[in-house]
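Q: got a sequence here, can you build the structure:
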Amino acid sequence: MDQPQSQAEIARRLLTEIRSLIYNVPEHTKGHIELIKATLGSPSQTQLLVSALIGVVLLFQVYIRFRNVTANRKSRFLASPGFPLPEALSDFDWATQEPPQLRPFRPKYHLTMALENMEPSELIPMDKTYKERLQYRRKILKEHREIVIAMHDESDPRITAAVSEFYRYIMSTYLPVRYPTMFRLHETTFETGKAYMLENLVLNELYPSEVTQLTSPMRALEILYKTVDEDFLILLPEESDSDSSPSSTEGSGKTAAATVQTKYRLIAYENCYPAGFNPRKKLGKLLADIHAPVPGYQDKLEKSMDRYFANIEVGKYVKRVNWSISTDTELFAAFGGLHSSENENQKEEKIKEGQLDVDSTKLRCERQTLHRLPKSRALVFGFHTYTYPIKQIKEEGLGEDLATAIDGLKTGSIPAIHDYKRGAIWGDAVKAYLRS
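A: Presented below is the predicted three-dimensional model:
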């Protein structure tokens, strides 16, 4: 006959079985429970213990599921310190999302910043043209790489830091959080250690989520160009002897005083849809020089823009929309066609009424955004370009409104803007069509 076991021995065996039960749920649950039953002699003790064990197992399973969910949430994106977390569009279907219908024209044109606040989540819009536009961007990249992607000085640590900071936010945080049906972040391991890759679920492509020694800042700009249908221009404030130290402003959400940092310089960009100018010729220039051809900029906007740029806070996102008329130009318009030529010897022939190529004439709108990077203090301009056939505007019943706005280019605060937008070339012909 077996000798009765001591209470200590029973407790030891029970602890062993409970530990084994927890770590082998659910495969060996029945076997462990039966073994524990045999250990005890009293049916009431057995029933009580089994009930307690089932409770422990259920609680442990709840804990495991919670831990897995938490781990999945953490691996879904990488946090970007100082940046707001965008709102997730969990069920977003890019293939059915219509592009916004922007109609920003007004009876009279006034040269102002006309900024309005924007939710950070709205930084990069997506719609059903995404795949088609990305194919177009890649075509232009092959044909005009030196124009659409550039950095002012690849050896400047301030410039590389700004590009790297922005790239990480877009690829590690914004895209996988905002559009989880389009982008997914994966953790992987290379010889250099753990790394994260962003999968584009629409294009079946995989890109690094951060700038490393294996991913140069120029390569990062190219990846951004090929991943989102958005143009980005990055600007840094001019350094001066009176600049306050980075530690005094970093993380405060505010820039140094406007009297210290008032001028911003274009230091990097990816720009597939330049609106009538070659962005490469603007690289390295100050805002005032970039906007020099715009009538009234120096008198009406330069000081207020410099002041606004110097004081815009981290976490504040703003937007505006402009408009122009495009005749016989595509989205990539780096060689003119949207603004009057800077070459006085180059004269364009006026389009006569009734001779307008309606099929190639479009309302062109830019949705522009602006925000500050928290660490590098750089400013980022975002541009999303939309075009709408002039036929569509007329069919919507807005022909007279647009025709009035074209007249309003000459009666607003800067009459010269009419000729700057080439209104003297296409104005009469477009108005005649819209009013016909």
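Q: how about the nearest residue to Lys431 once chain neighbours are set aside, secondary structure?
A: The shortest distance from Lys431 to any non-neighbouring residue, by C-beta to C-beta, 6 or more residues apart in numbering, is to Ala403 (4.4 Å). Heads up, the C-betas are built off the backbone N, CA and C, glycines and all. Following DSSP: H, G, I helix; E, B strand; the rest coil, the label given to Ala403 is helix.
Q: look at Phe381 and give its secondary structure.
A: The three-state label given to Phe381 by three-state DSSP is strand.
Q: ok, Tyr167 next?
A: helix.
Q: one more: His186?
A: Secondary structure, three-state DSSP: His186 is strand.
Q: quick check, pLDDT for the residue nearest to it when sequence neighbours are not counted.
A: Nearest residue to His186, sequence neighbours excluded (C-beta to C-beta, 6+ apart): Met197, at 5.0 Å. Met197 is assigned a pLDDT of 94 by the prediction.
Q: any idea how far Pro86 lies from Val177?
A: When distance is defined by C-beta to C-beta, to the nearest Å, Pro86 is 5 Å away from Val177.
Q: and for Phe190?
A: If you measure Phe190 against Val177 using C-beta to C-beta, the figure is 24 Å.
Q: quick one, which of the two is more surrounded?
A: The neighbour comparison of Phe190 against Val177 (other C-beta atoms under 10 Å) goes to Val177, with 20 against 11.
Q: where does that one land in three-state SS?
A: On the three-state scheme (three-state DSSP), Val177 is labelled helix.
Q: one step back: the residue nearest to His186 should be in a strand, yeah?
A: Yes. Counting by three-state DSSP, Met197 is part of a strand.
Q: what pairs with it across the strands?
A: For Met197, the beta-bridge partners under DSSP bridges are His186, Pro208.
Q: that one: neighbouring residues, count only.
A: Applying other C-beta under 10 Å, we find 17 residues neighbouring Met197.
Q: quick one: residues contacting it.
A: By C-beta atoms under 8 Å, 6 or more residues apart in numbering, the contact list for Met197 reads 185-186, 188, 206-209.
Q: which of the residues you listed are buried?
A: Neighbour counting by 16 or more other C-beta atoms under 10 Å classes 185, 207-209 among the contacts of Met197 as buried.
Q: closest to Cys365 among these?
A: Proximity of those to Cys365 (C-beta to C-beta) peaks at Tyr207, which lies at 29.4 Å.
Q: I figured the closest one hits Thr227, correct?
A: Yes. At 6.8 Å, Tyr207 counts as touching Thr227 under the criterion of C-beta atoms under 8 Å.
Q: between the two, what contacts are shared?
A: Common neighbours of Tyr207 and Thr227, counting by C-beta under 8 Å, 6+ apart, are 171, 198, 200.
Q: look up how far Glu230 lies from the residue nearest to Lys431.
A: To Glu230, Ala403 is 31 Å away according to C-beta to C-beta.
Q: who's more crowded, these two?
A: Neighbour comparison, Ala403 and Glu230: the larger count goes to Glu230, with 24 against 20 (by other C-beta under 10 Å).
Q: quick one: contacts for that one?
A: Taking C-beta under 8 Å, 6+ apart, we find Glu230 in contact with 124, 382-384.
Q: how about these, which pair is most distant?
A: Maximum distance among the contacts of Glu230 (C-beta to C-beta): 11.2 Å, for Ile124 and Phe383.
Q: the residue most central in space within the chain and Arg219, how far apart?
A: Nearest residue to the geometric centre of the chain (C-alpha atoms, centre = their mean): Ile124, 4.1 Å. Distance, Ile124 to Arg219, using C-beta to C-beta: 20 Å.
Q: burial measure for the closest residue to Asn278 other than its chain neighbours, as a count.
A: Closest residue to Asn278 apart from its sequence neighbours, by C-beta to C-beta, 6+ apart: Ala334 at 4.7 Å. A count of nearby residues for Ala334, using other C-beta under 10 Å, gives 20.
Q: any idea how far Ala334 lies from Thr385?
A: Distance, Ala334 to Thr385, by C-beta to C-beta: 13 Å.
Q: next SSE downstream of the helix or strand of the chain with the lowest mean pLDDT?
A: Comparing every helix and strand of the chain by mean pLDDT, DSSP states H and E singles out helix 246-249 as the least confident one, with a mean of 42. Counting by DSSP states H and E, the element after helix 246-249 in chain order, helix or strand, is strand 264-270.
Q: sweet, I'm off.
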